[in-house]
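In: quick one: sequence and predicted model below, then my questions.
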Amino acid sequence: AQSVSQHNHHVILSEAASLELGCNYSYGGTVNLFWYVQYPGQHLQLLLKYFSGDPLVKGIKGFEAEFIKSKFSFNLRKPSVQWSDTAEYFCAVNAPGANNLFFGTGTRLTVIP
Amino acid sequence: GAGVSQSPSNKVTEKGKDVELRCDPISGHTALYWYRQSLGQGLEFLIYFQGNSAPDKSGLPSDRFSAERTGGSVSTLTIQRTQQEDSAVYLCASSLGWATNEKLFFGSGTQLSVL
């Protein structure tokens, strides 16, 4: 069975600090990987996704994520966070063509101005 | 509408009562998903509809839960004889195509509280 682990439950950073949120999954086959974000009072929305090709994926608002197959990881990074990045971040994974998207428990990011 | 619409936004009910939650997906989206988010938990997959195909009900936690999608558009999630552990945010999402490599568009959810 697939599962997704996000070990950081709440991360607090000052503006301009660098960010890395961990995501590990357990699935032996080919996977599609996603990061979704939920800003306060808003809907969940897609931040970035990986299907194949370059394991370093660029998303919106300066975010990127790197797929490391040997580590079953898909960590989210941003070199310099802003107050507006305060949100909850969810990692998700599924097998290609599968109906179910497995989500992690989420990481709440608070950026202090 | 422009996005996925869910109603009601909040629902408070007494244990043992039935509830219906509604989802209006984005027009033209053939795939529709229901997820549940409990406090401190990730999003838990409940059910998936794709066009006229039989739904994938593999995530429904018990036979008290059911869902239907009429005319390939609006969906209703019904919880019978609600229990306190059913309290959660119920999220609906839709996507343009059938595969989950499509971007999901989420609604704002229904906060269900069972007293």
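Out: Arrived safely, thanks for sending. Numbering: from 1, shown residues only, chains lettered A, B, ... in the order given.
In: how long is stretch B:57-70 end to end?
Out: End-to-end distance for stretch B:57-70, by Cα to Cα, to the nearest Å: 16 Å.
In: where does the chain have low pLDDT?
Out: Looking at chain A here, since you left the chain open. Within chain A, the stretches with pLDDT under 70 are A:1-2, A:97.
In: nope, chain B please
Out: B:1, B:98-101.
In: spell out which residues of chain B are next to chain A.
Out: Proximity of chain B to chain A is confined to B:3-4, B:33, B:35, B:40-45, B:48, B:50, B:56, B:58-59, B:91, B:93, B:99-101, B:103-108 under the rule Cβ under 8 Å from any Cβ of the partner chain. In this view, the C-beta of every residue, glycine as well, is placed from N, C-alpha and C.
In: for the chain, which segments count as strands?
Out: You didn't pick a chain, so chain A it is. Taking DSSP state E as the criterion, chain A carries its strands at A:3-5, A:10-14, A:19-21, A:24-26, A:32-38, A:44-50, A:56-58, A:64-68, A:73-78, A:87-94, A:102-103, A:107-112.
In: hm, I was asking about chain B
Out: Using DSSP E, strands in chain B cover B:5-7, B:10-13, B:19-24, B:31-37, B:43-50, B:65-69, B:75-79, B:88-95, B:105-106, B:110-114.
In: sorry, back to before: and the strands of chain A as JSON lines, adding distance to chain B?
Out: Converted to JSON lines, the strands of chain A look like this (distance: least, Cβ to the nearest Cβ, whole Å):
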{"stretch": "strand A:3-5", "distance to chain B": "7"}
{"stretch": "strand A:10-14", "distance to chain B": "11"}
{"stretch": "strand A:19-21", "distance to chain B": "14"}
{"stretch": "strand A:24-26", "distance to chain B": "12"}
{"stretch": "strand A:32-38", "distance to chain B": "5"}
{"stretch": "strand A:44-50", "distance to chain B": "4"}
{"stretch": "strand A:56-58", "distance to chain B": "13"}
{"stretch": "strand A:64-68", "distance to chain B": "14"}
{"stretch": "strand A:73-78", "distance to chain B": "14"}
{"stretch": "strand A:87-94", "distance to chain B": "5"}
{"stretch": "strand A:102-103", "distance to chain B": "4"}
{"stretch": "strand A:107-112", "distance to chain B": "11"}
